[in-house]
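Colleague: coordinates for the following, if possible.
(one chain, ligands or ions: 2)
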Amino acid sequence: MEMDGVGAGSGVGREVISSGWGSGVGWGTGWAQGSAEPCAQPVPAWENWGRRGARAYTRPSLSQDESLIQHVLENNVNSDSAVPAMRLERLLRERELKRSKDEDFYLIDGWGEQGARVRKQRLLVVANRLPLSAVRTGEDSWSLKISAGGVVSALLGVHEYEARWIGWAGLNVPDEVGQRSLTQALAEKKCIPVFLDEETIHRYYNGYCNHILWPLIHYLGLPQEDCLATTHSFQSQFAAYKKANQMFADVVNKHYEEGDIVWVHDFHLMFLPKYLKDCNNNMKVGWFHHSPFPSSEIYRTLPTRSELLRSVLAADLVGFHTYDFARHFVSSCTRILEVEGTPDGVEDQGKLTRVAVYPIGIDPDRFIRALELPQVKDHIIDFKEIFAGRKVILGVDRLDTIKGIPQKFLAFEKFLEENPVWRDKVVLVQIAVPTRTEVPEYQKLTSKVHEIVGWINGRFGTLTTVPIHHLDQSIDFHALCALYAVTDVALVTSIRDGMNLVSYEFVACQALKKGVLILSEFAGAAQSLGAGAILVNPWNVTEVAESIAYALSMPADEREKRHCHNFKYVTTHTSQKWAETFVSEFSDTIVEAQLRTRKILPSLPKGKAIEHYLQSSNRLIILGFHATLIEHVDTQGRRIDQFREMELNLHPGLKESLKILCDDPKTTIIVLSGSDRTVLDENFGEYNLWLAAEHGMFLRPTTGDWMTTMPENLNVDWIDSVKQKGCYWKDMPVRIKPETLVRSEQDEDIYKFFEPKPPGEPAPTPLTFPTHEKIASTSSLGVNDMTLHEGSSILDLKGQNYFSCAVGRSRSNARYLLGSSAEVVSFLKELANCQH
Ligand SMILES: O=P(O)(O)OC[C@H]1O[C@H](O[C@H]2O[C@H](CO)[C@@H](O)[C@H](O)[C@H]2O)[C@H](O)[C@@H](O)[C@@H]1O
Ligand SMILES: O=c1ccn([C@@H]2O[C@H](COP(=O)(O)OP(=O)(O)O)[C@@H](O)[C@H]2O)c(=O)[nH]1
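Modeller: Numbering: from 1, shown residues only. Ligands and ions are numbered 1, 2, ... in the order given. Next up, the predicted model:
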């Protein structure tokens, strides 16, 4: 049987792979299998961001799908590899083909006579913490308890893959008997332990992860208490971090099977992509960051900033919850590592690491179904009795420095102060799950929180009731669902939070009550649930207090409207969809990388270029600057990873030849750069050439002063409105600099020069040089025997006498390639020499 648009009989008998996430995992009882149907809701605009860069973050069109599928089939890469098979599966599903399911395979009707057998993708999920934490009950016996935290909750909701979870079981197991028996106990739950010794746990987890990285990425800065001690411990903690990452790598390598996708999670394991790729470059490695990625201004304070970024960039795909986090990551890479940020991710020496946005979700059915369980109903009855006559405000957080728990209590105190009528009619229930209890900051936080709770309860309590019901405990899943269901107002005041799944879980449990969510604007969830929640700045105690008052007396129709909005979001943007999108796009990334590496640019035919050059009497050489003429190694041959403008060293061999070429009356040379005028003046002031600064915004002829190329009547008012609105794309295709605006290069298209297009404005007239027009990208070189058409100054870029050339990267629209700036210099030398 033939499939529409897929090639005759191409799928017959093909296998795509299967079995379930946690299919053998005991803690999944009663949890729903994810719906395989595509989401019927329109995809909100914001969701399209990170998918594929600003332009391409939307899903590929069907015709692109078809060419991809065609490629996969023609190259027969899906017969034994699960990766393209995943892609095929999604394609098939999008076409709404019926399929039946047996234990390990999907059967797809209409694909060949037998149907296609589709095996589920095998995933190795690697996270610091296993979903089960172990407690030793005897020499070789263990009790396993579900770990707390959003990463675990979200991943437990993912059923579509054949997954193995690799991670730490939360304790030190020094003896062989213990290690063997725990490995066995965990194997039944498809978990594989990484055994970390006491010292490593202390320095890696408590130290480098939770004392250094965690506060830094949540904008709390590096620890400052004792500089000398900190420096010393910083180094040993960093060494332990690397050691622990290597231990994770060893376990992954041991369990890896060809075709697996290795999905690494979070800031604990930033070295893992590099370690895995060093060992096996064919391994497909994705890295997902669950926390905020801070602005590069914060991130660059980290002494080990470059190594960590470089290691992450070894991954094929890097994911974040929000566009802002992805943008911060990319700008940290471009500023600190001098690599190139593109709409698709980060490119270094021709290698692209795709960076994209995948907002996580929960498994909503797990919560919705739980509400029907008798145990949960019993809890609901109990809670209603206990809290009778009082409205319930709920906080559920790990007792973490980022969750803003003291701020929450102070705002509640303010609310009680300002609203005496509510004092005996409201209770704040705070579940504060103990976490990272060995870390001093967390110990201090516990004392502080207790102090504040005692103070407020002492101040506003009565003989029979207290306003804050605070628990330093985790509670079981059924009690949690019941609490969510009886709550009137959920209060999330994180001072920073990657996402915050508690807010999603609350919404999922509120179908009946339609309570109000007060949500910190600093939680990733504010970007998804912001429309239905009351957003607050947790530092503004008055604002939070007023929001509590407003939420408690909100009219029913407004509550309903807000709730429905968020409920729709939570039930359609699930953890299944999150994982499916990540894995599916991961597969695309791999296929696209394969296609890319096949399209290798030929080397510049130097002889031919020189021949054309010599024959011409009117020549134009357009040179990039940073990647083209700068030496990127220091005197010891080490790569320079510093901020650009501070470290610019014109290639030492360049001077003499550049001078000869510039002084040749038949030759015009232009250096086109993103750098500003002073940098170009410093480096090229002495040469007889043209300079174009800030991607052509400013121009300096061989003689004379700088002039701006910005059209006088260009309306730039929109820049301020963009800044004020904080639109997600404000830094994306258009960079806004203090003195000007500059369109960033997006596709290394050497035909583009400067093209500001504010919304609603026509594109300005292309800029022209008085004698010759234009153009180049900053890391390219173009040599042209100019074909000047009568009355115009347009180059014939299709002509055979035009030699566009990328430097050091193979992904380019240029015709040819030169491997490095050293090769550029040697080519210019040859040009200069042959003039004599
Ligand atoms: O493993 P722990 O040290 O006990 O910490 C628990 C987890 O905390 C962090 O969770 C984050 O992930 C959530 C899901 O993406 C997100 O909603 C939340 O905002 C984050 O804080 C941490 O990133 C995990 O690795 C920890 O396991
Ligand atoms: O006693 C509890 C209370 C909460 N949670 C779960 O902990 C997770 C917290 O995730 P969130 O994303 O809100 O923050 P994180 O703790 O990961 O920073 C949620 O799934 C909660 O259901 C838990 O395991 N035990």
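
Colleague: what are the ranges of the strands in the stretch 551-700 of the chain?
Modeller: In the stretch 551-700 of the chain, the segments counted as strands under DSSP state E, counting those that start in this stretch are 619-623, 667-672, 690-693, 698-700.

Colleague: residue ranges with poor pLDDT in the protein?
Modeller: 1-120, 157, 225-231, 596-600, 632-648, 709-799, 809-813, 835-836 (pLDDT under 70).

Colleague: looking at it, which residue is nearest ligand 2?
Modeller: Gly150 (2.3 Å; CB to the nearest ligand atom). All C-beta spots, glycine's among them, are computed from the backbone N, C-alpha and C.

Colleague: that residue: what's it in contact with?
Modeller: Counting by CB atoms under 8 Å, 6 or more residues apart in numbering, Gly150 touches 290, 360, 498-502.

Colleague: swap the cut-off to 6 Å and go again
Modeller: Going by CB atoms under 6 Å, 6 or more residues apart in numbering, Gly150 touches Leu501.

Colleague: pretty sure Leu491 sits in a strand.
Modeller: Yes - counting by DSSP: H, G, I helix; E, B strand; the rest coil, Leu491 falls inside a strand.

Colleague: tell me which of the strands of the stretch 551-700 of the chain lies nearest to Leu471.
Modeller: Of all the strands of the stretch 551-700 of the chain, strand 690-693 sits nearest to Leu471, with 60.9 Å by CB to CB.

Colleague: give the partner strands of that closest one in its sheet and their orientations.
Modeller: strand 667-672 (parallel), strand 698-700 (antiparallel) (DSSP bridges).

Colleague: name the nearest residue to Asn688, sequence neighbours excluded.
Modeller: Cys662 (4.2 Å; CB to CB, 6 or more residues apart in numbering).

Colleague: follow-up on the earlier one: in JSON lines, list the strands paired with strand 690-693 along with mean neighbour count.
Modeller: What follows is the strands paired with strand 690-693, written out as JSON lines (neighbours: other CB atoms under 10 Å):
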{"stretch": "strand 667-672", "mean neighbour count": "24"}
{"stretch": "strand 698-700", "mean neighbour count": "21"}
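
Colleague: can you redo these as TSV with distance to ligand 2?
Modeller: Formatted as TSV, the strands paired with strand 690-693 follow (distance: least, CB to the nearest ligand atom, whole Å):
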stretch	distance to ligand 2
strand 667-672	46
strand 698-700	47
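
Colleague: and Leu124, its phi and psi?
Modeller: For Leu124, the backbone dihedrals (degrees, to the nearest 10) come out as phi -100, psi 110.

Colleague: quick check: closest non-adjacent residue to it.
Modeller: Val262 (4.7 Å).

Colleague: okay, now Glu656: neighbour count?
Modeller: With neighbours defined by other CB atoms under 10 Å, the count for Glu656 comes to 13.

Colleague: and the one 4 residues further on, by the same measure?
Modeller: Other residues lying near Ile660 total 17 when counted by other CB under 10 Å.

Colleague: separation between it and Phe827?
Modeller: 14 Å (CB to CB, to the nearest Å).

Colleague: alright, that wraps it up for me.
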